[in-house]
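> Build me a structure from this.
(one chain, ligands or ions: 2)
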Amino acid sequence: MVSVAVLGAAGGIGQPLLLLLKLTPGIARLNLYDIVNVPGVATDIAHINTNTKVEYFIGQSQLHAALQNIDIVVISAGIARKPGMTRDDLFNINASIIYELTEAIAKSCPQAHIAIITNPVNSLVPIVAQVLGKNYNPQRLYGVTTLDSVRASRFVRDIRPQIDATELQVPVIGGHSGNTIVPLLSLARPKLDLSAKDIEELVNRIQYGGDEIVKAKEGAGSATLSMAYAAAKFIASLVEAFKGISKVEYALVPLAADPQGAQYFRRLGAGTLEFFAVPIQLGPDGIQRIVPLEAQPSLFELKAIDIAARELQDNITKGTTYKS
Ligand SMILES: NC(=O)C1=CN([C@@H]2O[C@H](COP(=O)(O)OP(=O)(O)OC[C@H]3O[C@@H](n4cnc5c(N)ncnc54)[C@H](O)[C@@H]3O)[C@@H](O)[C@H]2O)C=CC1
Ligand SMILES: O=C([O-])CC(=O)C(=O)O
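Numbering: from 1, shown residues only. Ligands and ions are numbered 1, 2, ... in the order given. Model prediction:
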């Protein structure tokens, strides 16, 4: 049975994510950590009659206690976008939060799997890798990009209502912001029959799906419910993988997790990047394998990968050169 800590538990993502994790089989313990409001959220969630034990921890003085004997740490702590902001505009505040939380993880549960939801994911995952130092295990670090493929399959259904959105798999690689998000519609399964115009419009909508929500929420934040769904899906796969039921998910991961598997994506356009969103086969120890694509992407997609890689390099450098 698995123990999960959610840092940022009382937030817009934290709350619905906890609801879904409380319903996820295989999670024995949920530790909720935040700097505000967490007692109420925890007490509420704890009344749901599944067997998962819920405990809360509030404020920095309880952070180490929150991380004791934890297998998976999910981080959604930090600020969210308002209209007119890019994810990169969140960097200064969120980088310092992630830095501090990772220092605590390195001391209290250095072997834990770490899933980063907080934006900008492209820059914060590299910060976590740096701060972990000698405890860094590239097979156990994930930037959560699941929402991009969740959106991709739903947006396809918006223009092809005969397709079952829950069955459609669209690979999305690269990173998690604007141009760095590279949906590979040509490799969707089942296969799609889309015009060049459909593809261009869908790719743009997937790349800027986050902005659609930020705009609609008019200053009250960004994706929370769809994000909670996406993160719960990713964590459920990880929990299954711990039991030996191998799962493939997409995440922004250190390519060092599987240097051999990474070669395929380096040739495809990731070049010398240290982090890239790729399909990962999850196993009991985390990333077992970086899985090559089923076929060569289209020319349009290969160009998008090149554009993504350039922008991603800047985002990664911003993270690796960050000092708190
Ligand atoms: N990876 C992805 O696909 C997505 C990422 N996000 C990102 O997730 C993050 C969280 O979003 P929301 O939950 O909507 O924000 P929110 O503002 O509703 O919640 C954030 C929570 O973090 C807590 N917090 C702040 N500083 C903390 C600290 N030092 N330690 C512990 N907790 C702390 C706050 O008290 C708050 O409860 C944002 O950075 C957002 O951009 C949002 C949607 C999708
Ligand atoms: O757009 C945002 O700021 C939140 C996010 O990452 C997303 O919804 O994909």
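
> Please list the residues of this protein that sit near ligand 2.
Arg81, Arg87, Asn119, Leu147, Gly210, Ile213, Val214, Ser222, Ala223 (Cβ under 6 Å from any ligand atom). Quick note: C-beta positions are derived from backbone N, CA and C, even for glycine.

> got the residues of the stretch 201-324 of the chain near ligand 1?
For the stretch 201-324 of the chain, the residues in contact with ligand 1 (Cβ under 6 Å from any ligand atom) are Gly221, Ser222, Ala223, Thr224, Met227.

> Which of these are buried, as a PyMOL select command?
For the buried members of those, the matching PyMOL selection, counting by 16 or more other Cβ atoms under 10 Å, is:
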select buried, resi 221+222+223+224+227
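
> So which of the residues of the stretch 201-324 of the chain next to ligand 1 sit within strands?
Within those, no residue falls in strands by DSSP state E.

> Can you lay out the residues of the stretch 201-324 of the chain next to ligand 1 as CSV showing pLDDT?
Listed next are these as CSV, based on pLDDT from 0 to 100:
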residue, pLDDT
Gly221, 97
Ser222, 98
Ala223, 98
Thr224, 98
Met227, 98
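
> For Ser246, state which of the residues of the stretch 201-324 of the chain next to ligand 1 is nearest.
Distance to Ser246 across these (Cβ to Cβ) is lowest for Met227, with 24.9 Å.

> Tell me how many other residues surround the closest residue to that closest one other than its chain neighbours.
Of all residues not flanking Met227 in the chain, Ile13 sits nearest, at 5.0 Å (Cβ to Cβ, 6 or more residues apart in numbering). As a burial measure, Ile13 scores 28 neighbours (other Cβ atoms under 10 Å).

> and the residue of the chain found nearest ligand 1, what does it touch?
Nearest residue of the chain to ligand 1 (Cβ to the nearest ligand atom) works out as Gly11 at 2.1 Å. For Gly11, the contact set (Cβ atoms under 8 Å, 6 or more residues apart in numbering) comprises Asp34, Ser76, Ala77, Thr224.

> isn't the third one right next to Val38, touching?
No - applying Cβ atoms under 8 Å, one finds Ala77 not in contact with Val38, separated by 11.1 Å.

> still on that earlier bit, and which of the residues of the chain next to ligand 2 is nearest to ligand 2?
Closest to ligand 2, out of all of these and judged by Cβ to the nearest ligand atom, is Gly210, at 2.2 Å.

> and the helix or strand harbouring the closest one, what other elements does it pack with?
Applying DSSP states H and E as the criterion places Gly210 in helix 209-217. In terms of contacts (3 or more Cβ pairs under 8 Å, 6 or more residues apart in numbering; DSSP states H and E), helix 209-217 is packed against helix 146-159.

> cutoff 7 Å now
For helix 209-217, there is no helix or strand it packs on, judged by 3 or more Cβ pairs under 7 Å, 6 or more residues apart in numbering; DSSP states H and E.

> in it, what's buried?
The neighbour-count check on helix 209-217 (16+ other Cβ under 10 Å) flags Gly209, Gly210, Asp211, Ile213, Val214, Lys217 as buried.

> same check, this time on stretch 270-290
Here stretch 270-290 shows 270, 273-283, 286-290 as buried, counting by 16+ other Cβ under 10 Å.

> Quote the end-to-end distance of that stretch.
Using Cα to Cα, to the nearest Å, the end-to-end distance of stretch 270-290 comes to 13 Å.
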